[in-house]
Every structure is written in C-alpha cells, then in structure tokens.
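Student: Give me the fold of what follows.
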Amino acid sequence: MRLHGATALVTGANRDLGRHFAEQLLHRGAAKVYATARRPELVDLPGAEVLPLDVTDPASVAAAAAAAGDVDLLINNAGVSLGVNLVGGDLDKIRLTLDTHFYGTLAMIRAFAPVLAGNGGGAILNVLSVLSFQSFDGNNAYAVAKSAQWALTNGVRLELADQGTLVTGLVFGPTATETMKAFADKALEGGALPDGVLNDPVDIVRAALDGVEAGKIEILADGFGVAAKAALTGDPRAFVLGTASAG
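Tutor: This is a model prediction of the structure:
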C-alpha cells in the first residue's frame with residue numbers, strides 16, 4: 001500500500017492517535033485525508049477534509065461511505081475507554097464499548113469494502129490494543145471489545161483477500177494520549193506499569209503507517225505488544241496487564 005497519493009479516511013480524528021494519523025498521512029503525501037469525528041467542529045487539522053461520523057450510527061456510516069467514494073485506505077481508530085468491568089459494571093457502558101469497537105468497526109468495513117474494491121483493493125488498518133490479548137481489572141469491557149476487534153480483523157482479512165484488500169491490526173500498549181490517561185494513571189498507581197514507559201503517540205502512528213506501507217497484516221508497535229502476543233502461548237495467568245515483560 002503506497003501512502004503517497006492515497007486517499008484515506010480516519011475515524012475519531014479530532015484528537016489523540018486519530019489526529020496524528022491524519023496529520024502524518026498528509027505529511028507523507030496523501031492526496032486526500034478525510035478526518036472524521038462525531039463532533040466535526042473539533043477537527044482543526046489544515047489540509048484535511050472534515051466529515052461528521054458516528055460509527056455507532058448506521059445512517060452516519062452510510063453517509064460517510066457515500067461522501068468518500070474515493071477512499072483506498074480506511075483507518076478504524078474511533079474508540080471509547082470507559083473504565084468498566086464486566087460483572088458489576090454498567091451494562092449500557094459495556095454495550096457502548098462493544099458497539100464502538102466491534103460493531104462500529106464492522107459497520108465501517110461493511111460500508112467501505114465495496115468502495116475499496118472499486119478503487120483497486122486498498123487497505124484497512126484497525127487500531128487494536130495490548131488489551132486485545134490481556135485483561136485489566138477496572139477496564140475489562142474494553143479488553144473484551146478489543147479482543148473481539150482483533151478476531152474481527154483476522155476474519156475480514158480472509159473475507160476481503162479476493163478483492164485485494166490488505167487488512168492490518170495495530171497492537172500497542174499504554175500511550176500518552178488523552179483517551180488512555182485514566183487507564184495509564186491507574187496502572188501506574190497500582191504498580192502494573194513503571195514510570196516513564198508511556199509511548200509517544202507520534203511513534204505509534206509512524207510504526208503503523210510504516211507497517212501498512214510494508215504490507216504487514218499485524219503490527220506489534222512496542223514491547224508491550226510483543227510481550228502480550230508472546231504470552232498467549234503460556235500460562236493464562238500471564239494474560240493480565242503488568243505480568244508480561246515490556247521489553
């Protein structure tokens with residue numbers, strides 16, 4: 001997938017990783033970048049074409065696909081992290097977490113798969129997490145949603161292979177973004193993370209885009225991702241954030 005000259009759509013582009021994705025794509029010479037958000041007025045990136053998009057709203061997804069028929073790179077980045085557990089957590093928040101990460105990602109892929117096919121195949125990048133492979137007491141709904149999103153990524157890769165669409169998953173650990181701040185602060189307080197280990201979001205996005213250009217189907221962007229993936233072959237007690245090495 002060549003990014004120079006590509007037309008990309010980034011979900012959740014008003015802040016954090018989404019904004020970095022849109023910005024770096026423009027710097028790499030993308031012909032057009034659709035920067036989407038539930039509140040498009042919050043997108044302040046010069047050079048981007050702003051679209052309203054709520055990935056949990058089928059009508060909004062359909063409207064985005066109709067407006068962006070020239071896309072050949074879809075980056076599913078939109079997400080929520082509500083700090084909700086499964087047994088005692090608020091069911092509405094659990095459903096919203098799954099609606100956003102799993103059903104929202106699936107809705108975007110279903111809407112844009114024909115668009116990508118018509119434009120030569122292109123690529124899809126799903127922004128996953130180290131919690132696709134691990135659990136975290138205090139945010140287990142997010143871990144379930146990200147695990148489901150990882151399985152979705154692997155499944156649609158098979159389904160879209162015949163149309164020549166690259167489907168890639170990005171896995172990484174705690175990163176210095178507004179979205180992940182509460183999660184990271186709790187992990188630091190509980191000793192699950194040492195001080196000074198938060199990723200720079202610029203580095204994560206750079207690794208992701210490099211991986212897409214290289215045709216990788218899974219990008220383990222940091223030591224947390226590498227360790228979490230490796231832990232899947234071992235004792236299930238290692239599936240808890242903080243027990244696997246970050247190196």
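Student: And W150, how far from A207?
Tutor: Shown here: W150 relative to A207, a distance of 17 Å by CB to CB, to the nearest Å. In this view, the C-beta of every residue, glycine as well, is placed from N, C-alpha and C.
Student: swap in A148?
Tutor: For A148 relative to A207 (CB to CB), the value is 23 Å.
Student: what's the answer for D57, then?
Tutor: From D57 over to A207 the distance is 31 Å, taken as CB to CB.
Student: Could you do V115 as well?
Tutor: Shown here: V115 relative to A207, a distance of 26 Å by CB to CB.
Student: May I ask which helix or strand of this structure has the lowest mean pLDDT?
Tutor: helix 181-189 (a mean of 63; mean pLDDT, DSSP states H and E).
Student: immediately after that one, which helix or strand?
Tutor: helix 201-213 (DSSP states H and E).
Student: Check which helices and strands the very next helix or strand once past that following helix sits against.
Tutor: Moving toward the C-terminus from helix 201-213, the first helix or strand encountered (DSSP H and E) is strand 218-220. Applying 3 or more CB pairs under 8 Å, 6 or more residues apart in numbering; DSSP states H and E, one finds that strand 218-220 contacts strand 166-171, helix 201-213.
Student: Comparing the ones you listed, which stretch has the densest surroundings?
Tutor: Using mean count of other CB atoms under 10 Å, the stretch among the helices and strands packed on strand 218-220 with the largest mean neighbour count is strand 166-171, at a mean of 24.
Student: what's the residue nearest in space to the middle of the chain in contact with, if anything?
Tutor: Nearest to the centroid of the C-alpha atoms of the chain, with distances taken as CA atoms, centre = their mean, sits V127, at 1.7 Å. Shown here is V127, whose contacts under the criterion CB atoms under 8 Å, 6 or more residues apart in numbering are L17, I75, N76, N77, G79, L170, A208.
Student: The third one: neighbour count?
Tutor: What that stands for is N76. If you count neighbours by other CB atoms under 10 Å, N76 ends up with 28.
Student: So it sits against I124, correct?
Tutor: Yes - at 6.9 Å, N76 counts as touching I124 under the criterion of CB atoms under 8 Å.
Student: Between those two, which contacts overlap?
Tutor: Between them, N76 and I124 share the neighbouring residues I109, with contact defined by CB under 8 Å, 6+ apart.
Student: give me the beta-bridge partners of the residue nearest to the centre of the chain?
Tutor: V127 has these beta-bridge partners by DSSP bridges: L170.
Student: Please tell me how far it sits from T153.
Tutor: 10 Å.
Student: I'd say E213 and L3 touch.
Tutor: Yes - proximity of E213 to L3 meets the contact threshold set by CB under 8 Å, at 5.7 Å.
Student: Pick out whichever of the contacts of V127 sits closest to T233.
Tutor: Ranking the contacts of V127 by separation from T233, with CB to CB as the measure, puts L170 on top at 21.0 Å.
Student: ok now do L17, which residues does it touch?
Tutor: Contacts here follow CB under 8 Å, 6+ apart; on that basis L17 touches N77, V127, T175, T177, T179, P201, I204, V205.
Student: again, only this time at 6 Å
Tutor: Contacts were defined as CB atoms under 6 Å, 6 or more residues apart in numbering; by that measure L17 touches N77, P201.
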